[in-house]
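>>> output the structure for:
(chains A and B)
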Amino acid sequence: MALELFNTLSGKIEPLFASDGRALRFYCCGPTVYDYGHIGNFRTFLHVDALRRTARLNGLGLHHVMNITDVDDKIIRNAAAAGQPIGEYCAKYERAFFEDMDALGIERPEQIARATENIDGMVSLIERLAAQDIAYKAEDGSWYFRIARFPGYGKLSKKDLHGMEDGARVDLDEYEKDAARDFALWKAAKPGEASWETPLGPGRPGWHIECSAMAMKYLGESFDLHAGGEDLMFPHHENEIAQSEAASHKPFARHWFHVRFLLVEGKKMSKSEGNFFTLRDLLLKGYRASAIRFLLLSVPYRHQLNFTFDGLTESTNAVDRLRTFNDRIRTGNWPDAAPADATLTNLIRKGDTDFTAALSNDLNTAEARAAIFDVLRAVNTAADHSRLTRFDAEETLALLNKFDSIFAVLEDRDAELTRTALAWAESEGRLDEADPSLLTTLSFSDADIDALVAERTLAKTQRNFARADAIRNELLEKGILLEDSKDGVRWKRK
RNA sequence: GGCGCGGUACCCAAGUGGUAAGGGAGAGGUCUGCAAAACCUUUAUGCGUCGGUUCGAUCCCGACCCGCGCCUCCA
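Numbers count the residues shown, from 1 in each chain, chains lettered A, B, ... in the order given. Take a look at the predicted model:
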């Protein structure tokens, strides 16, 4: 089954394909690097990551471009407040952004494009529009896009602007525009703000122009897919289409992918509600990066996800179960005997088919997840009854490998990532925000734990269960859980 | 006001015109020195409410109630 995806532009689910027959050329609106990324940002990037990985699973090559917005109003304001040049200010948050992406297992795009490194392309795009009188210069030196000259305006967000009143919301310092809906392509320089000397006059880019210019530079005037959060649909993406198509007279992106906003504890995330969380906030509270990734991916991208701490705990447990299962199948010594019958093999293969089909069906990550748990239970049951063969174990591992090529949660990097977050908090003087129990748990090194486990094993062989249980309880209090099994003792951090 | 989305068990959450996936949690059991893990059993005659279409609706249509999003350079 070919990969099909909802297309905001057509309002339908359509096959996703590479128009050049080789690589999927797509653009994703990246972050404005004025602060640390929050979980809403990462929900979007995580689903774009799942899309990347699913496309690859379907045999598509990838040419993925993501922008970094490193000049805008918020950046200028914050950098000024910090007494830093915007370049220096942005570099810090860009670095943090990629650290967070790595922590969440989000793959890097093939191409990163910074706005400030692509001013030339934006200027020439505006010049192309000016040559057609679609871009015009206002008295203050800013350039605007004349929406009346682009008949398709509103086709993405399904807005009919004819009925809208001009001037309903006119910003006081934008009174020079010809029409209220006309948007800025180029903002005239203001004293004390970053600006570039260009043929358009001194100034800086408007918000939308960077994505048009950089998408066309790296992907061509027409390309396969454009992605972003649902809020970007209007006005950002609508304006991108207008600018790009008015200049090139060609269709811009064929397919549009929008990820819905998440709710946090039932409400829209906002600083004033007190439910605003960065990734780093959650790591310091003791939640694992893998659980955050799994939770954010567990609800399909077109549905609203209600992000809660209970949900995070559930996801932690679910990931644990998957890891325990993976370890069991990987390390077990399964007999070479031929399977008694094909029942289990067929079940595993059905899981494989269901998994791929679910993802191909508009990236239904919830169903894909369920397919894996179906196999997990069946294989565990077989293993419990000594009916699991090496053949079926290997089939299972292949499926787990496929699962992890999308979900990427099986490898346990959590303690290491949390340590990194703690080190960051310390360097920022924010260690007081960390959950105290985290510090005690992580204060035990793996070697410390192994030593105590060895001592307990010795006590057990001497049937000194009191001592053995004392050690186990001591570790449990520090958040370290022991599991005895036929093949020895395993431990894990809670 | 305009456009759009959603209401499924204790919680999260798929899904289909033909009789309710999966995860988490709880309870009981098997196993174990005891735990843990794993497995088994169990938790919706029911899918917001009321009508309609149909042999048959959670799924289609209509109305209503509730929640939410966009229309504000918030992903």
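
>>> helices along the stretch 301-450 of chain A, start to end?
Here the stretch 301-450 of chain A has its helices, by DSSP state H, counting those that start in this stretch, at A:309-331, A:343-360, A:365-384, A:390-407, A:414-427, A:436-443, A:446-461.

>>> switch those helices over to CSV; also include mean pLDDT.
Listed next are those as CSV, based on pLDDT from 0 to 100:
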stretch, mean pLDDT
helix A:309-331, 94
helix A:343-360, 95
helix A:365-384, 96
helix A:390-407, 97
helix A:414-427, 95
helix A:436-443, 88
helix A:446-461, 93
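
>>> of those helices, which is nearest A:Arg25?
For the helices of the stretch 301-450 of chain A, proximity to A:Arg25 was assessed by C-beta to C-beta; helix A:343-360 is nearest, at 19.9 Å. C-beta here means a position set from N, CA and C on the backbone, and glycine is covered the same way.

>>> which residues does that closest one contact?
Outside helix A:343-360, the residues within contact range by C-beta atoms under 8 Å, 6 or more residues apart in numbering are A:1-4, A:50, A:54, A:57-58, A:339, A:364-368, A:370-372, A:374-375, A:378-379, A:382, A:387-388, A:391-392, A:395-396, A:398-399, A:402-403, A:406.

>>> can you select the buried ones from those in PyMOL?
Buried residues among these (16 or more other C-beta atoms under 10 Å), as a PyMOL selection:
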select buried, chain A and resi 3+50+54+57+58+339+364+365+368+371+372+375+378+379+382+387+388+391+392+395+396+399+402+403+406
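
>>> what about RNA strand B: which of the contacts of helix A:343-360 touch it?
With C-beta under 7 Å from any atom of the strand as the criterion, the contacts of helix A:343-360 include A:Asn364, A:Ala366, A:Glu367, A:Ala370, A:Asp374 near RNA strand B.

>>> closest to A:Asp432 out of those?
Nearest to A:Asp432 among these is A:Ala366, at 37.7 Å by C-beta to C-beta.

>>> buried ones in stretch A:344-363?
Within stretch A:344-363, the residues scored as buried using 16+ other C-beta under 10 Å are A:344, A:347-348, A:351-352, A:354-356, A:358-363.

>>> you'd agree A:Trp256 is in a helix?
No: counting by DSSP: H, G, I helix; E, B strand; the rest coil, one finds A:Trp256 to be strand, located in no helix.

>>> ok, A:His64 touching A:Glu110?
Yes: if you go by C-beta atoms under 8 Å, A:His64 and A:Glu110 touch, sitting 5.1 Å apart.

>>> who's more crowded, those two?
Of the pair A:His64 and A:Glu110, A:His64 is the one with more neighbours under other C-beta atoms under 10 Å, namely 25 against 16.

>>> leaving out the residues flanking it, which one is nearest to the more buried one?
Sequence neighbours aside, A:Pro109 is the residue nearest to A:His64 in space, at 4.0 Å (criterion: C-beta to C-beta, 6 or more residues apart in numbering).

>>> what does the lowest-mean-pLDDT helix or strand in chain A contact?
Least confident helix or strand, chain A: strand A:267-268 with a mean of 82, by mean pLDDT, DSSP states H and E. With C-beta under 8 Å, 6+ apart as the test, strand A:267-268 has contacts from A:Phe261, A:Glu273, A:Asn275.

>>> switch to 6 Å and redo it
With C-beta atoms under 6 Å, 6 or more residues apart in numbering as the test, strand A:267-268 has contacts from A:Glu273, A:Asn275.

>>> export whichever helix or strand comes after that strand to PDB, keeping only CA atoms.
For strand A:267-268, the succeeding helix or strand toward the C-terminus, using DSSP states H and E, is helix A:279-284. The C-alpha trace of helix A:279-284 is given here as PDB (Å, rounded to 0.1, in the frame of the first residue of the first chain):
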ATOM      1  CA  LEU A 279      11.600  19.900  26.700                       C
ATOM      2  CA  ARG A 280      14.200  20.900  29.300                       C
ATOM      3  CA  ASP A 281      11.500  21.700  31.800                       C
ATOM      4  CA  LEU A 282      10.100  18.100  31.500                       C
ATOM      5  CA  LEU A 283      13.500  16.500  31.700                       C
ATOM      6  CA  LEU A 284      14.300  18.400  34.900                       C
END
